[in-house]
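>>> generate a structure from the sequence data that follows.
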Amino acid sequence: MAKNDYGNNDELFVDVNGKTINKGDRVVWYDPELRARDLSRVWDVYDMGGDIVYIADEHGEAEVYANELEVI
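Numbering: from 1, shown residues only. Have a look, this model is predicted:
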């Protein structure tokens, strides 16, 4: 847990480049099974918890680790 500017303990999620991920952000996902980043598929972050980021697009949903994402 990281302490934010307001003194509350909040989980901090950062992408592959160290940029903070927030609900509502648009991201590109590096799919380790495909071993590639699909730059044409953009996902929306809809929730975060534990060490998982929940993302969705018009084709489906995924539960991924923050370091597999890049905020665009």
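>>> check the gap between Phe13 and Leu69 for me.
With distances taken as CB to CB, to the nearest Å, Phe13 is found 8 Å from Leu69. To be clear about C-beta, it is placed using only N, CA and C from the backbone, and glycine gets the same treatment.
>>> which neighbours do those two share?
Contact criterion CB atoms under 8 Å, 6 or more residues apart in numbering; residues shared by Phe13 and Leu69: Ile21, Val53.
>>> just checking, Trp43 touches Arg26?
Yes. With contact defined as CB atoms under 8 Å, Trp43 and Arg26 form a contacting pair (7.1 Å).
>>> those two: which is more packed in?
Trp43 (24 against 12; other CB atoms under 10 Å).
>>> find the residue closest to the more buried one in space, skipping its chain neighbours.
Computed as CB to CB, 6 or more residues apart in numbering, the closest residue to Trp43 that is not its neighbour in sequence is Ile55, at 3.9 Å.
>>> residue ranges in this structure under the pLDDT threshold?
1-10 (pLDDT under 70).
>>> hmm, try it at 80
Across the chain, the ranges flagged by pLDDT under 80 are 1-11, 32-36, 39.
>>> now do the strands in this structure.
2-3, 9-10, 26-31, 36-37, 43-49, 52-57, 60-65, 69-71 (DSSP state E).
>>> next, format the ones you listed as a markdown table and append distance to Thr20.
Formatted as a markdown table, the strands of the chain follow (distance: least, CB to CB, whole Å):
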| stretch | distance to Thr20 |
| --- | --- |
| strand 2-3 | 10 |
| strand 9-10 | 11 |
| strand 26-31 | 12 |
| strand 36-37 | 19 |
| strand 43-49 | 11 |
| strand 52-57 | 12 |
| strand 60-65 | 15 |
| strand 69-71 | 8 |
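>>> out of those strands, which is closest to Gly18?
Closest to Gly18 of these is strand 69-71 (CB to CB; 10.1 Å).
>>> quickly run through the sheet partners of the closest one, with directions.
Using DSSP bridges, the strands paired with strand 69-71 are strand 26-31 (antiparallel).
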